[in-house]
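1. take this sequence and fold it.
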Amino acid sequence: MNLLRCSGNHLRRLKELCRRQISSSHRSYPFCYDGLTPPPFGPRHHLQPHSYLHRHDGSFLHSLRSTSGESKNCKPHCLQRKSDDRLGRFYLSILLSVWGFFLVRKNKAYVIERRDMYFKTVHEGIHLKIPAVDKIVFGFSLESKTIHVPYHSATTGDGQNITISSILIVQVIEPVKVLYGDQKAIDAVIDFVLNRLREEVKDRTLEEFTRDRKIICLKIEVAVAEVAASRGLLCIGYRMVAVVYPNDVPYMLRKLPKGLCNAVFKIVKFFSEAIYGVPTNVKWMQHFR
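-> I've put the predicted structure just below:
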């Protein structure tokens, strides 16, 4: 009898604590507890729909129905779903590759041969090939690529040797011509650039070359575009990166206007011949007079 009385007192005290805690939670959280509105953000609780503590939060519930007893190895639902998606995609890719399907990514192109002969060129998307019959020979990137033309020497019309470094921007538009051409397309275009640049430099003096650098680049770009198109390439641009002039041509005189160069020439001639008795090197100054 005493045991029942103690248990009854304990239940009444528990209900009173629950009623006080519920009333305090109503005041602290301004939303409706109608069973449909989700509880406020915080630790999750093991609440059942039939419980009279359903959808109420507070420190008392934290002590009653805390999730601290859960396994620490339990992953959140969103992370578990992401890992399942990755695993599913992995199995799907293996299955498709066994069946002969393969994926071509954006700005990529693959050349396929069937029985050692060209069959087709595939672009972005999912494609099918027959295993043991079709094979992917080569893959191309359809994005623009910058090619560095190495340093090469050229001689101007007045006998001055200059060294030029330039870059060429191209893009693959027809992978078949690039792969099955009689010569490597990139090497052929670079050789053409070098030959055309030597011709343009040879037709000009050193002063004219310094003045017409942009015009020379434009002419070479137009000429290279025709040759590159026949080899499956698109020439986007060409420009000179660096030009190394002869040592006997001062750097300052390359940037000076013509009238100022004449004045500098007279000063150099006066000091070298009249004062020091040294003959003037007219070879590098005659282009600026």
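2. residue ranges with poor pLDDT in the stretch 1-150 of the chain?
-> Scanning the stretch 1-150 of the chain with the threshold set as pLDDT under 70 gives 1-11, 14-15, 17-84, 93, 95-99.
3. count the neighbours of Ile216 for me.
-> Neighbours of Ile216 under the rule other CB atoms under 10 Å: 20. From N, CA and C alone the C-beta is placed, and that goes for glycine too.
4. helix/strand/coil for it?
-> Secondary structure state of Ile216, per DSSP: H, G, I helix; E, B strand; the rest coil, is helix.
5. tell me the contacts of it?
-> Contacts for Ile216 were tallied using CB atoms under 8 Å, 6 or more residues apart in numbering; they are Leu197, Glu200, Val201, Arg204, Phe209, Met240.
6. buried among the residues you listed? Make that a PyMOL selection.
-> Here is the PyMOL command that picks out the buried ones among the contacts of Ile216, judged by 16 or more other CB atoms under 10 Å:
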select buried, resi 197+200+201+204+209+240
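7. can you redo the contacts of Ile216 as a markdown table with secondary structure, distance to Lys120 and pLDDT?
-> Below are the contacts of Ile216 laid out as a markdown table (DSSP: H, G, I helix; E, B strand; the rest coil; distance: CB to CB, whole Å; pLDDT from 0 to 100):
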| residue | secondary structure | distance to Lys120 | pLDDT |
| --- | --- | --- | --- |
| Leu197 | helix | 38 | 91 |
| Glu200 | helix | 41 | 90 |
| Val201 | helix | 44 | 90 |
| Arg204 | coil | 48 | 87 |
| Phe209 | helix | 48 | 86 |
| Met240 | strand | 40 | 89 |
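8. show me the two of the contacts of Ile216 that sit farthest apart.
-> Pairwise distances among these were taken by CB to CB; the largest, 13.7 Å, belongs to Arg204 and Met240.
9. now do the helices in this structure.
-> 2-28, 59-64, 77-99, 175-180, 185-202, 206-211, 213-229, 251-255, 258-269 (DSSP state H).
10. quick one: list the elements packing against the fourth one.
-> Which is helix 175-180. Counting contacts by 3 or more CB pairs under 8 Å, 6 or more residues apart in numbering; DSSP states H and E, helix 175-180 is packed against strand 108-114, strand 118-122, strand 134-141.
11. show the average pLDDT along it.
-> In this model, helix 175-180 carries a mean pLDDT of 83.
12. can you list the residues that contact it?
-> 109, 111, 118, 121, 137-138, 140, 172, 185, 230-233.
13. with just CA atoms, put that helix into PDB.
-> Taking Å, rounded to 0.1, in the frame of the first residue of the first chain, the C-alpha atoms of helix 175-180 are listed here in PDB:
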ATOM      1  CA  PRO A 175      39.300  16.000 -85.100                       C
ATOM      2  CA  VAL A 176      39.400  13.700 -88.200                       C
ATOM      3  CA  LYS A 177      41.700  16.000 -90.200                       C
ATOM      4  CA  VAL A 178      43.900  16.600 -87.200                       C
ATOM      5  CA  LEU A 179      44.400  12.900 -86.500                       C
ATOM      6  CA  TYR A 180      44.600  11.500 -90.000                       C
END
